[in-house]
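Trainee: Curious how this folds, go ahead:
(one chain, ligands or ions: 1)
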Amino acid sequence: MSSIFSKIIAGEIPCHKVWEDDKHFAFLDINPWTEGHTLVVPKKEHDYLFDMPEADYAALQLAARKVAALLKSKLNCKRVCTCVIGYEVPHVHIHLLPTNVMQDFAKPGTFGMKVKPDLAALAAKIRG
Ligand code: AMP
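Mentor: Now for the predicted structure:
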């Protein structure tokens, strides 16, 4: 059975896409921790980041770097923070979190913006 992210990539479930290339897809997290919280996903399903074949792992990190640069320039933020968790969706994805101050990066257990931004408008701004 394909993962929820494979269904998003296939267009079967809607998302706010911000970038893609032939092997990767990036879209806004539906429950953002910071404004512009983006997930970068390999189109091929892998369960666990550090089990990925080396070439696929390296390509994903390079894709994440491209998307981080896009977020930084379009959202004019100071730093794009990153983490990989994967307990909720077992299809590898890198979280990219635009931030301006340390406090933007919420403590674990307090994730989730209190007021959700307009995701459609934000995705359009990032795509530019
Ligand atoms: P984790 O697997 O723990 O890294 O978390 C999965 C992330 O995927 C969470 O931050 C969710 O908010 C996000 N997520 C789950 N379903 C969707 C969806 N349909 N569209 C966008 N983001 C999603």
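Trainee: Tell me who's in contact with the most centrally placed residue in the chain.
Mentor: The centroid of the chain falls nearest to residue 39 when counting by CA atoms, centre = their mean (1.2 Å). Contacts were defined as CB atoms under 8 Å, 6 or more residues apart in numbering; by that measure residue 39 touches 5, 26, 27, 28, 29, 93, 94, 95, 96. C-beta: built from backbone N, CA, C; applies to glycine.
Trainee: Could you list the low-pLDDT ranges of the chain?
Mentor: Applying pLDDT under 70 to the chain flags the ranges 106-112.
Trainee: rerun that using 90 as the cut-off
Mentor: Counting by pLDDT under 90, the chain contains low-confidence ranges at 1, 31, 33, 102-117.
Trainee: what about the strands in it?
Mentor: For the chain, applying DSSP state E gives strands covering 17-20, 24-28, 38-42, 79-83, 94-99.
Trainee: Point out the most buried one among those.
Mentor: When neighbours are counted by mean count of other CB atoms under 10 Å, the highest per-stretch mean among the strands of the chain falls to strand 38-42, a mean of 26.
Trainee: Adjacent strands (with direction) for it?
Mentor: On the basis of DSSP bridges, the sheet neighbours of strand 38-42 come out as strand 24-28 (antiparallel), strand 94-99 (antiparallel).
Trainee: can you redo the ones you listed as a markdown table with distance to residue 87?
Mentor: Rendered in a markdown table, the data for the strands paired with strand 38-42 read as follows (distance: least, CB to CB, whole Å):
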| stretch | distance to residue 87 |
| --- | --- |
| strand 24-28 | 19 |
| strand 94-99 | 12 |
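Trainee: From residue 8, how far off is the residue nearest to the centre of the chain?
Mentor: If you measure residue 39 against residue 8 using CB to CB, to the nearest Å, the figure is 9 Å.
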